[in-house]
Every structure is written in structure tokens, then in C-alpha cells.
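Engineer: sequence and predicted structure below; questions after.
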Amino acid sequence: IRKNPAYIELLKGVVNFAKLNNQYTILEGVETQADLKVAQDLGIDCVQGYLFKEEFISVWNTKN
């Protein structure tokens with residue numbers, strides 16, 4: 001996405017298609033705050049990635 005901004009336009013179309021069909025969207029590979037901002041701007045429903053590693057580990061450790 002950072003190297004080719006046209007991908008944002010493609011993602012907008014995919015997200016719009018999903019929303020029109022009552023489907024959720026998930027963006028994987030969210031590694032930085034900038035990636036998260038892109039997901040938020042696009043209206044992505046769920047994200048996952050390295051950015052959340054420490055929080056995941058913390059939650060996981062409290063469950064065990």
C-alpha cells in the first residue's frame with residue numbers, strides 16, 4: 001500500500017462490496033500504527049497483526 005497508493009482504491013472497493021453483502025472485513029498484517037490508521041480509515045471491521053503482539057501475550061497469560 002505504501003509503494004502503490006492505487007491499492008487503497010482497490011481495498012475501498014473490496015470493503016464496500018463486503019459491506020453491501022453484510023460481510024465482515026478483516027485486515028491481516030497490521031504491524032504499525034500507520035497500518036491501523038489505514039484500516040480505520042477504510043472502515044475495516046477487524047484487524048490482526050504484530051502490532052497487537054504484546055497485548056495478546058498479556059491477555060493470554062492472564063487466562064492460563
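Structural biologist: Structure's in. What do you need?
Engineer: which of the residues in the longest helix anywhere in the chain are buried?
Structural biologist: Taking DSSP state H as the criterion, the chain has its longest helix at helix 6-20. The neighbour-count check on helix 6-20 (16 or more other Cβ atoms under 10 Å) flags Leu11, Val15, Ala18 as buried. Heads up, the C-betas are built off the backbone N, CA and C, glycines and all.
Engineer: and that helix, what does it pack onto?
Structural biologist: helix 33-42 (3 or more Cβ pairs under 8 Å, 6 or more residues apart in numbering; DSSP states H and E).
Engineer: any buried residues in the helix it packs on, and which?
Structural biologist: Asp35, Leu36, Val38, Ala39.
Engineer: closest to Asn22 out of these?
Structural biologist: Distance to Asn22, by Cβ to Cβ, is smallest for Ala39 among these, at 19.4 Å.
Engineer: who does the lowest-mean-pLDDT helix or strand in the chain touch, helix- and strand-wise?
Structural biologist: Within the chain, no helix or strand scores below helix 53-63, which has a mean of 84 by mean pLDDT, DSSP states H and E. Using 3+ Cβ pairs under 8 Å, 6+ apart, no helix or strand is in contact with helix 53-63.
Engineer: who does the next helix-or-strand element following the longest helix of the chain pair up with?
Structural biologist: Sequence order places strand 26-28 as the next helix or strand after helix 6-20, per DSSP states H and E. According to DSSP bridges, strand 26-28 forms sheet pairs with strand 46-48 (parallel).
Engineer: quick one: average pLDDT of the partner strand?
Structural biologist: On average, the pLDDT along strand 46-48 is 94.
Engineer: just stretch 14-27 next, same as before
Structural biologist: For stretch 14-27, mean pLDDT is 97.
Engineer: what's that stretch in contact with?
Structural biologist: For stretch 14-27, the surrounding residues in contact (Cβ atoms under 8 Å, 6 or more residues apart in numbering) are Asp35, Val38, Ala39, Leu42, Gly43, Ile44, Asp45, Cys46, Val47, Gln48, Gly49.
Engineer: endpoint to endpoint, that stretch covers what distance?
Structural biologist: End-to-end distance of stretch 14-27 (Cα to Cα, to the nearest Å): 11 Å.
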